[in-house]
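Colleague: coords please:
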Amino acid sequence: MKNYFKDKLIVSIEQAVAAPYCTAKLADAGARVIKVERKEGDFARYYDDFVKGDSTYFVWLNRGKESLVANIKNNEDVKLLKKIISKADVFVQNLGPGVLKKVGLDSSTLRKKYHSLITCDISGFGETGPYSKLKAYDLLVQAETALCSLTGTPDAPGRVGVSVCDIACGMNAYSLILEALIKKEFSGKGSAIKISLFESLSEWMNVPFLQYFYTKSAPKRVGLSHPSIVPYGAFLTKDNKNILFSIQNEREWRAFSKEIIKVSKISESKYKTPSLRLINKESLNSLITREFSKLSSNILIKKFKKLKIAFGLLNSIKDFSNHPQLKKSYVTKKNKKFVFVPPVTIENKKSFGKIPELGEHSLKIRKEFKTQ
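Modeller: From the prediction side, this is the model:
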């Protein structure tokens, strides 16, 4: 496939998850990505050592990039970074608010000088407002946006088990940068993108927000069931497998009620409509629990397939890692080769750039962009 991004230069002073997620996708698209790290390196390099001694997060998010070690407190390094950015199409950063302004590397200063530059500033809560100076990590933002209040069991809140705030923000940053690149192709002008973890996840919270705003009633935590659709949830089979399924329309309900749980004539009226099924949720779920306990998972799966009812098994990570639909690919780092789950790409991309060692490309980049 032709690389339409081969002439695009992305410079990113980045760490952790959100910005690296965005720039990994730009690297996958074929852009040159220079990742600027402090001498200690992106701290995501050291979150854990589960992947043959390397960090799960760093292996996931830094393929295809060049690593440049630079110190923004060193005048010569600042000059070098300004020289590199002057040649760049996109500048991304997710340092603390105001850090880069002290050395003239903030997006406002850079865009006054380089009118075609696209800048993307990623923060926790935005650059203005009472929370703008606070540090922000994924779980903290899950809590602040009320996502935790919707996640978990009726007894206790919980966190979503992956970094959804960071991922949402990185996805938004990537899509907005692509929009800005299209705009630049036609106008020659750059764009200033400012995005936060908080606003990225806030947009995802529209359904509970709208429900509360117009009814003053918030959704309750319901574990593995649904707050308004019944039946929708996980039920244990005779062979101790949890099957999660959903009834979305009346055709499915009629088939399910007659052929799987065999609702009696006397009880039919209790569950005749979606509203009645919601009102009588407890008795209906008890009936399903009882009937599922008599059937093995393979029998129920056959029935769901025959009746065209959506279902899924409540898999463990071990089950997921062996899932027949799961695509796997490889990334490398020096002499190491890692299996990973590849991103969705155009034309099902098969190969991905290698993961850089800390400062692996420093000498090459310094020579290429020497300031004297």
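Colleague: and the longest helix for this protein?
Modeller: Scanning the chain for the helix with the most residues, using DSSP state H, yields helix 164-187.
Colleague: who's in contact with that helix?
Modeller: The contact list for helix 164-187, computed with CB atoms under 8 Å, 6 or more residues apart in numbering, reads 8, 16-22, 25-26, 89-90, 92, 116, 118, 120, 122, 138, 141-142, 145, 147, 189-191, 193, 195-198, 200-201, 203-204. For the C-beta atoms, the positions are set from N, CA and C on the backbone; glycine is no exception.
Colleague: The stretch 201-350 of the chain: strands as residue ranges?
Modeller: Ranges of strands in the stretch 201-350 of the chain, per DSSP state E, counting those that start in this stretch, are 232-236, 242-246, 311-313, 329-333, 336-340.
Colleague: how about the ones you listed in JSON lines, adding mean neighbour count, mean pLDDT and distance to Arg111?
Modeller: Formatted as JSON lines, the strands of the stretch 201-350 of the chain follow (neighbours: other CB atoms under 10 Å; pLDDT from 0 to 100; distance: least, CB to CB, whole Å):
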{"stretch": "strand 232-236", "mean neighbour count": "18", "mean pLDDT": "93", "distance to Arg111": "49"}
{"stretch": "strand 242-246", "mean neighbour count": "18", "mean pLDDT": "93", "distance to Arg111": "48"}
{"stretch": "strand 311-313", "mean neighbour count": "14", "mean pLDDT": "93", "distance to Arg111": "47"}
{"stretch": "strand 329-333", "mean neighbour count": "17", "mean pLDDT": "90", "distance to Arg111": "33"}
{"stretch": "strand 336-340", "mean neighbour count": "14", "mean pLDDT": "90", "distance to Arg111": "35"}
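Colleague: Looking at those, which is nearest to Thr289?
Modeller: Across these, Thr289 has its closest neighbour in strand 232-236 (5.8 Å, CB to CB).
Colleague: What residues sit buried inside stretch 245-256?
Modeller: For stretch 245-256, a neighbour-count test (16 or more other CB atoms under 10 Å) marks Phe245, Ser246, Ile247, Glu252, Trp253, Ala255, Phe256 as buried.
Colleague: Tell me which residues touch the second one, please.
Modeller: The contact partners of Ser246, taken as CB under 8 Å, 6+ apart, are His226, Ile229, Pro231, Tyr232, Ile309, Ala310, Phe311.
Colleague: got it, and the first one?
Modeller: Residues touching Phe245, when contacts are defined by CB under 8 Å, 6+ apart, comprise Pro231, Tyr232, Gly233, Phe235, Phe304, Ile309, Ala310, Phe311, Gly312.
Colleague: right, and the fourth one touches Arg290 too?
Modeller: No. Phe235 is beyond contact range of Arg290, at 9.8 Å (criterion: CB atoms under 8 Å).
Colleague: Pairing partners for the lowest-mean-pLDDT helix or strand in the chain, with directions?
Modeller: Scoring the helices and strands of the chain by mean pLDDT, DSSP states H and E places strand 152-153 at the bottom, with a mean of 86. As defined by DSSP bridges, the strand partners of strand 152-153 come to strand 156-157 (antiparallel).
Colleague: Rounded mean pLDDT for stretch 260-280, please.
Modeller: Averaging pLDDT along stretch 260-280 gives 89.
Colleague: what comes into contact with that stretch?
Modeller: With contacts defined as CB under 8 Å, 6+ apart, stretch 260-280 is touched by 228-231, 253, 257, 283-284, 287-288, 291, 300, 303, 307.
Colleague: ditto for stretch 70-86
Modeller: Contacts with stretch 70-86, where a contact means CB under 8 Å, 6+ apart, come from 9, 11, 13, 34, 36-39, 91, 99-100, 103-105, 110, 113-114, 117, 362, 365-366, 369-371.
Colleague: try it again with 7 Å
Modeller: Outside stretch 70-86, the residues that touch it by CB atoms under 7 Å, 6 or more residues apart in numbering are 11, 34, 36, 38-39, 91, 100, 103, 105, 110, 114, 366, 369, 371.
Colleague: Same check on stretch 136-147?
Modeller: 124-125, 148, 159-160, 163-166, 197-198, 201-202, 205.
Colleague: Quick check: bridge partners of the closest residue to Lys39 other than its chain neighbours?
Modeller: Distances taken as CB to CB, 6 or more residues apart in numbering place Val69 nearest to Lys39, at 5.5 Å, with adjacent residues excluded. Note on Val69: beta-bridge partners by DSSP bridges are Glu37.
Colleague: what separates Val69 from Leu224, distance-wise?
Modeller: Using CB to CB, to the nearest Å, Val69 is found at 46 Å from Leu224.
Colleague: Compare the two (neighbour count), which wins?
Modeller: Val69 (19 against 12; other CB atoms under 10 Å).
Colleague: mind giving me the domain split of this protein?
Modeller: Each domain of the chain is listed here as a residue range: 9-205+326-368, 232-313, per automatic domain parsing.
Colleague: Show the end-to-end separation of the shortest one, please.
Modeller: The separation between the terminal residues of domain 232-313, taken as CA to CA, to the nearest Å, is 13 Å.
Colleague: thinking again about what came up before, now restrict the contacts of Ser246 to buried residues only.
Modeller: Burial by neighbour count, judged by 16+ other CB under 10 Å, picks out Pro231, Tyr232, Ile309 from the contacts of Ser246.
Colleague: okay, those residues in a markdown table with distance to Trp60 next?
Modeller: Listed next are the buried ones among the contacts of Ser246 as a markdown table, based on distance: CB to CB, whole Å:
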| residue | distance to Trp60 |
| --- | --- |
| Pro231 | 36 |
| Tyr232 | 31 |
| Ile309 | 35 |
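Colleague: tell me which of these is nearest to Thr56?
Modeller: Nearest to Thr56 out of the buried ones among the contacts of Ser246 is Tyr232 (CB to CB; 32.2 Å).
Colleague: From what I see, that closest one and Val222 are in contact.
Modeller: No. Taking CB atoms under 7 Å as the definition, Tyr232 is not a contact partner of Val222, at 9.2 Å.
Colleague: Kind regards, and thank you for your time.
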